[in-house]
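Chemist: can you look at this prediction? I've put the sequence above it.
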Amino acid sequence: MSLNKIIFSAVLLLSCVVKAAPEQFDQLVQQIESGQRYFFSLADYQTALTDLEAALPPNDITRQHRLDRLRCQLGYTDKPAAGIAYSDSKIQQAEQRNDQAALADYYVCRYYLFSQAGDTNLATQSAQQAHDAATASENPLSIAISLTLLGNLASYTGNYADAMEHYVTAYQLQRGLGYKPYISDLVLSIAATYRRMGLYQDALNYIEQAEQKFTSADEQFRHALIMHEKAYSYAELGQYEQALALFEQSMLVYQQLQEPLWQTYTKVNLVWIRNLLQQYPQALALAIEAKAELATLNAPDLSTLESYKGLLAMYQGEALHALNRTQEALQSFDESQQYLIKENNPRYMLMLYAARAPAEAALGNYRQAYDLLTRYIKLNKTQQKLAKEHQSNILRFQFDSARQQEWHNQLTAEKQMMQQHVSTLQLAQRWQYAALSLIALLLLILFSFAISLKRRNHRLHRLAMTDELTNIANRRRIMMQAEQERVKAIDTTEPLSFLILDLDHFKQVNDRFGHDVGDTVLQQMCMTVSAMLRQQDHFGRTGGEEFLIVLPDTGLEPALVIAERLRLAIAAISFADGPAALNITCSIGVSEYQPDEALNVSLARADDALYKAKADGRNKVVAAD
């Protein structure tokens, strides 16, 4: 969180030539918003605020409001309680004048103030309020900043799919604004999220992108942060010497910049790396130094201080245990747990369980060691399951983004073609010779005929393979796709599953509300299901209210999860223009293709499971035997 606090509050170029007050004030604000440099001390914040106050034109209400918003960021970095009280009063004023842009800034300020105060819940609430206000203001910078905050919270707590969606949207907005410091740090945040997911090579690829494209040669602090993030990935890949070298290089930069906060944080990471290298005496010596420094730190943003204290105590416990000072190690693990349990970070708790269990066993506390390992296995299994879901959601989001970009490119190309076509027509109008006009006309007729013929052929093909009412695959097409996937599964030995979905009591819908309403129900249901399926999935109508879904590369368990999501989504469909009593549910039978099994056998098993779901009360998902 501290990185984006620094980004949003950015450093001013203090030695600027004195200009007319409005221009100077606007230039200072621009330097803050564009993230040109960093603040390193409380004095820098106060100096920036003093310069803004001096440059404020008299009786300029608009700029006064802008200064008030910046004062929340600059004036209370060391006293969060006072800053929260200040923002309360300013939020009331902004609400009275319906100033959504100001509300967004004040809620961002409150996010950082609550973070520094250690209130994660209120910080999260403030980030969401900042995004709501920014969206209402339609200010792209405010929207991007609020999305970055939401992304940070989601990434830190393990909601990686949400984090990636927030980051990518913020990245696109920042690219439009051209603020490279923000873009660089967003790329680093994306890299950190990939690293937390265990995708270390992807993380390194993004770090290299930040290093080469969006960071200037004179930005020492940002280069140090990039080395920091790169070191994490190298360490996770087992390349401890490379990680050690990068942490030590970043330490030199922080020392040159006289930046004590990141010097100490880097020292904590060096304890971790020394442990991984089994250099336990050096690790313990560093841990003692870092612990003393953490106890006396005084920096603008200490929102991650508790995390580093907890991690340091854990690393110190690992070193003590390795040096056969196990009783002292348990004391360090106790201290670590006091800090890390507040963080609600499953990654840290997994690390602590794994580190403490051997120490408990070494002292003969086998019951405690067993309990720790049991917690580790249970939490790790949960995290692995969540990671798979997040990866699936990220892939779907990436596909949707790519599809939107493809659609945008297509529209752009069509617009260019239309513009070229219009230019050609305008030129043709100037032609004075009848022969050339006739040729142009004949060419236009031929071109139109060719396009019409192509469209007609395409329409005929689509009609032959598409259900006319729902615009999805008809029975012929979905059965062809199912057989193709069955053959592919035989060749690749990848799993393959089938879902047969049937709307419950659909005849009653037609009888009670009419066939027009029934058609609307089928169309809305198909749109809902299509939006939730992956690119490689197939969806088709095989009967009146019966549908087949083919799930390549999907075993029975994931297929049951997908089926349950579809069932819930269909039950949640709201028909705004339909009768008040109208609601629908479905029953789904699921089967996984077995080797050497004919397609009709696999589908028959899914159909049997569907009948069991119907017999069991409907609105259920049942797996085939």
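Modeler: All right, it came through fine. Numbers count the residues shown, from 1 in each chain.

Chemist: okay, domains of the chain per the record?
Modeler: The chain breaks down by automatic domain parsing into domains covering 434-465, 475-623.

Chemist: show the end-to-end separation of the last one, please.
Modeler: End-to-end distance of domain 475-623 (Cα to Cα, to the nearest Å): 23 Å.

Chemist: follow-up on the earlier one: quick one: closest of the domains of the chain to residue 154.
Modeler: domain 475-623 (20.0 Å; Cβ to Cβ). From N, CA and C alone the C-beta is placed, and that goes for glycine too.

Chemist: return the most buried member of the domains of the chain.
Modeler: Among the domains of the chain, domain 475-623 has the highest mean neighbour count (mean count of other Cβ atoms under 10 Å), at a mean of 17.

Chemist: for residue 61, which of the domains of the chain is the nearest?
Modeler: Of all the domains of the chain, domain 475-623 sits nearest to residue 61, with 43.5 Å by Cβ to Cβ.

Chemist: re earlier: can you redo the domains of the chain as a markdown table with distance to residue 245 and mean pLDDT?
Modeler: Listed next are the domains of the chain as a markdown table, based on distance: least, Cβ to Cβ, whole Å; pLDDT from 0 to 100:
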| stretch | distance to residue 245 | mean pLDDT |
| --- | --- | --- |
| domain 434-465 | 59 | 66 |
| domain 475-623 | 40 | 92 |
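
Chemist: quick one: closest of those domains to residue 354.
Modeler: Smallest distance to residue 354 across these (Cβ to Cβ): 26.8 Å, for domain 475-623.

Chemist: quick revisit: export the domains of the chain to a markdown table and tack on distance to residue 47?
Modeler: As requested, the domains of the chain are arranged in a markdown table below (distance: least, Cβ to Cβ, whole Å):
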| stretch | distance to residue 47 |
| --- | --- |
| domain 434-465 | 66 |
| domain 475-623 | 52 |
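
Chemist: how many residues are close by residue 97?
Modeler: Residues lying near residue 97 (other Cβ atoms under 10 Å) number 8.

Chemist: how about the backbone phi and psi for it?
Modeler: Per-residue torsions, residue 97: phi -100, psi 10 (degrees, to the nearest 10).

Chemist: that one and residue 64, how far apart?
Modeler: Distance, residue 97 to residue 64, using Cβ to Cβ, to the nearest Å: 12 Å.

Chemist: mind giving me the packing neighbours of the helix or strand that contains residue 613?
Modeler: Assigned by DSSP states H and E, residue 613 falls within helix 599-615. Other elements packing on helix 599-615 under the criterion 3 or more Cβ pairs under 8 Å, 6 or more residues apart in numbering; DSSP states H and E are helix 475-492, strand 496-503, strand 586-592, strand 621-623.

Chemist: which of the domains of the chain sits closest to residue 250?
Modeler: domain 475-623 (40.5 Å).

Chemist: which residues in the stretch 501-625 of the chain form helices?
Modeler: Secondary structure of the stretch 501-625 of the chain, counting by DSSP state H, counting those that start in this stretch: helices at 506-513, 515-532, 556-571, 599-615.

Chemist: closest one to residue 287 among the ones you listed?
Modeler: Between residue 287 and those, the tightest spacing by Cβ to Cβ is seen for helix 556-571, at 43.6 Å.

Chemist: dump the helices and strands packed on helix 599-615 to JSON lines, plus distance to residue 120.
Modeler: Below are these laid out as JSON lines (distance: least, Cβ to Cβ, whole Å):
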{"stretch": "helix 475-492", "distance to residue 120": "45"}
{"stretch": "strand 496-503", "distance to residue 120": "40"}
{"stretch": "strand 586-592", "distance to residue 120": "39"}
{"stretch": "strand 621-623", "distance to residue 120": "36"}
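
Chemist: out of those, flag the one nearest residue 372.
Modeler: Closest to residue 372 of the helices and strands packed on helix 599-615 is strand 621-623 (Cβ to Cβ; 35.2 Å).

Chemist: run the chain-centre distance for that closest one.
Modeler: 32 Å (Cα atoms, centre = their mean, to the nearest Å).

Chemist: return the list of helices and strands in contact with it.
Modeler: With contacts taken as 3+ Cβ pairs under 8 Å, 6+ apart, strand 621-623 sits against helix 556-571, strand 586-592, helix 599-615.

Chemist: give me the contact list for the last one.
Modeler: Put plainly, it is helix 599-615. Residues outside helix 599-615 that contact it (Cβ atoms under 8 Å, 6 or more residues apart in numbering) are 479, 482-483, 486, 498-502, 504, 548, 587-594, 620-625.

Chemist: what do you get for stretch 113-130?
Modeler: Defining contact as Cβ under 8 Å, 6+ apart, one finds that stretch 113-130 is touched by 1, 5, 76-77, 80-81, 83-84, 87, 103-105, 107-108, 110-112, 142, 145-146, 149-150, 153, 301-303, 306, 342, 344.

Chemist: now render the helices and strands packed on strand 621-623 as JSON lines, adding distance to residue 200.
Modeler: Formatted as JSON lines, those follow (distance: least, Cβ to Cβ, whole Å):
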{"stretch": "helix 556-571", "distance to residue 200": "25"}
{"stretch": "strand 586-592", "distance to residue 200": "32"}
{"stretch": "helix 599-615", "distance to residue 200": "39"}
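
Chemist: which parts of stretch 48-59 are buried?
Modeler: For stretch 48-59, burial by neighbour count (16 or more other Cβ atoms under 10 Å) applies to 48-49, 51-52, 55-56.

Chemist: cool, stretch 339-355 as well?
Modeler: 339-340, 343, 345, 348-353, 355.

Chemist: also stretch 130-147?
Modeler: By neighbour count on 16+ other Cβ under 10 Å, the buried set for stretch 130-147 is 130-131, 133-134, 137, 139, 141-147.

Chemist: likewise for stretch 239-255?
Modeler: 240, 243-244, 246-247, 250-251, 253-254.

Chemist: contacts for it?
Modeler: Here stretch 239-255 makes contact (Cβ under 8 Å, 6+ apart) with 220-221, 223-225, 227-228, 230-232, 234-235, 262-263, 266-267, 269-270, 273-274, 276-277.

Chemist: which SSE is immediately downstream of the helix or strand where residue 261 lies?
Modeler: Assessed by DSSP H and E, residue 261 sits inside helix 260-276. As assigned by DSSP H and E, the chain's next helix or strand after helix 260-276 is helix 280-296.

Chemist: what packs against that next one?
Modeler: With contacts defined as 3+ Cβ pairs under 8 Å, 6+ apart, helix 280-296 has these neighbours: helix 260-276, helix 305-322.

Chemist: now stretch 605-613: how far from the chain's centre is it?
Modeler: In terms of Cα atoms, centre = their mean, the gap separating the centre of stretch 605-613 from the centre of its chain is 38 Å.

Chemist: meant to ask about stretch 542-561
Modeler: Taking Cα atoms, centre = their mean, one finds stretch 542-561 lying 28 Å from the centre of the chain it belongs to.

Chemist: stretch 63-77 too?
Modeler: Averaged C-alpha coordinates place stretch 63-77 at 30 Å from its chain's average position (Cα atoms, centre = their mean).

Chemist: could you do stretch 117-130 as well?
Modeler: Here stretch 117-130 is found 18 Å from its chain centre; the criterion is Cα atoms, centre = their mean.

Chemist: likewise stretch 132-145?
Modeler: Between the centre of stretch 132-145 and the centre of its chain there are 17 Å (Cα atoms, centre = their mean).

Chemist: other residues contacting it?
Modeler: 4, 8, 33, 100-101, 103-105, 107-108, 130-131, 146, 169-170, 173-174, 176-177, 179, 182.

Chemist: those in helices, which ones?
Modeler: Counting by DSSP state H, the contacts of stretch 132-145 place 4, 8, 33, 100-101, 103-105, 107-108, 130-131, 146, 169-170, 173-174, 176-177, 182 in helices.

Chemist: drop anything exposed from these.
Modeler: If you count burial by 16+ other Cβ under 10 Å, the buried members of the ones in helices among the contacts of stretch 132-145 come out as 4, 8, 33, 100-101, 103-105, 107-108, 130-131, 146, 169-170, 173-174, 182.

Chemist: make TSV out of the helices of the stretch 501-625 of the chain and add distance to residue 296.
Modeler: Formatted as TSV, the helices of the stretch 501-625 of the chain follow (distance: least, Cβ to Cβ, whole Å):
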stretch	distance to residue 296
helix 506-513	71
helix 515-532	53
helix 556-571	50
helix 599-615	65
